[in-house]
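> I would like the atomic coordinates for the input below:
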Amino acid sequence: MDIGDRIKKIRKELDLTQAEFGARIGSVQNTVTGYESGRRNPSAPVIALICEKFNVCEEWLRNGNGEMFKPAPSDVLDQLAYEYNLSNASYVAIEKFVSLKPEKRNELIEFFLEVSKAILESEADPNAPAFTEGCVPTFSQDSLIQAFRDSVPKTPEELEKKFPPVKSGREDAG
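Got it, this is the predicted structure:
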């Protein structure tokens, strides 16, 4: 079986006409006919495009080795989940991570590196409780409300001192 036969096999497997197949790779029906009959050989960019558009393994298309189609991303993830006995939470975390745009994945990795660095530089045991018994801070709603009330100016003069009025006519006002 040559590359033309393999292109035809892909097309038939996907139930496409030569015109439909050609349109998906930016070619016309006659070009696809030429590939399938062996009268024309597809260029490297055309081979790459066929592989990209139809999820075909390039090694199979060029040489007939391996599987015709690349495994779908969920198939790969399912295989990892099975092989490494992943929990549902781990599966979802990996699925969400790989679905991120590359720059978002990099931002997330940088965040975890920063957190890891901060933990390593800390003198505290990373697995110890944040607050030891007997040292739990008391944050009551009443004390928070009182702290807010204490920060509010009591008189108009205190208000103007804390927040001076903006003079009109200044260029930077407003």
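
> Need the phi and psi values for the residue positioned nearest the centre of the chain.
By CA atoms, centre = their mean, the chain has its centre lying nearest to residue 100, at 0.8 Å. Main-chain torsions, residue 100, degrees, to the nearest 10: phi -70, psi 150.

> need the helices for the protein, in chain order.
Assignment of helices within the chain using DSSP state H yields the ranges 3-13, 18-24, 29-37, 44-54, 58-63, 73-83, 88-99, 102-121, 141-151, 156-162.

> any idea how far the fifth one is from the chain center?
What that stands for is helix 58-63. On the basis of CA atoms, centre = their mean, to the nearest Å, helix 58-63 sits 29 Å off its chain's mean C-alpha point.

> picking that back up, okay, the helices of the chain in TSV with mean neighbour count next?
In short, each C-beta sits where N, CA and C put it, glycine included. Output for those, formatted as TSV (neighbours: other CB atoms under 10 Å):
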stretch	mean neighbour count
helix 3-13	18
helix 18-24	17
helix 29-37	18
helix 44-54	16
helix 58-63	15
helix 73-83	12
helix 88-99	12
helix 102-121	10
helix 141-151	9
helix 156-162	10
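
> Which of those has the lowest mean pLDDT?
Confidence, taken as mean pLDDT, is least for helix 141-151 of the helices of the chain (a mean of 78).

> Domain boundaries for this structure, per the record?
Domain assignment for the chain, taken from automatic domain parsing, gives 3-63, 73-121.

> Pull up the distance across the longest one, start to finish.
End-to-end span of domain 3-63 (CA to CA, to the nearest Å): 7 Å.

> Please verify my assumption that residue 51 contacts residue 61.
Yes. Here residue 51 lies in contact with residue 61, judged by CB atoms under 8 Å, at a distance of 6.2 Å.

> As CSV, the domains of the chain with distance to residue 143 would be great.
CSV is the format used below for the domains of the chain (distance: least, CB to CB, whole Å):
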stretch, distance to residue 143
domain 3-63, 61
domain 73-121, 29
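
> among the ones you listed, which is nearest residue 154?
Closest approach to residue 154 among the domains of the chain is made by domain 73-121 (40.9 Å; CB to CB).

> gap between the closest one and the chain center?
For domain 73-121, the distance to the chain centre is 9 Å (CA atoms, centre = their mean).

> sorry, back to before: include distance to residue 127 when you put the helices of the chain into JSON lines, please.
Formatted as JSON lines, the helices of the chain follow (distance: least, CB to CB, whole Å):
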{"stretch": "helix 3-13", "distance to residue 127": "53"}
{"stretch": "helix 18-24", "distance to residue 127": "54"}
{"stretch": "helix 29-37", "distance to residue 127": "61"}
{"stretch": "helix 44-54", "distance to residue 127": "46"}
{"stretch": "helix 58-63", "distance to residue 127": "47"}
{"stretch": "helix 73-83", "distance to residue 127": "27"}
{"stretch": "helix 88-99", "distance to residue 127": "20"}
{"stretch": "helix 102-121", "distance to residue 127": "10"}
{"stretch": "helix 141-151", "distance to residue 127": "30"}
{"stretch": "helix 156-162", "distance to residue 127": "44"}
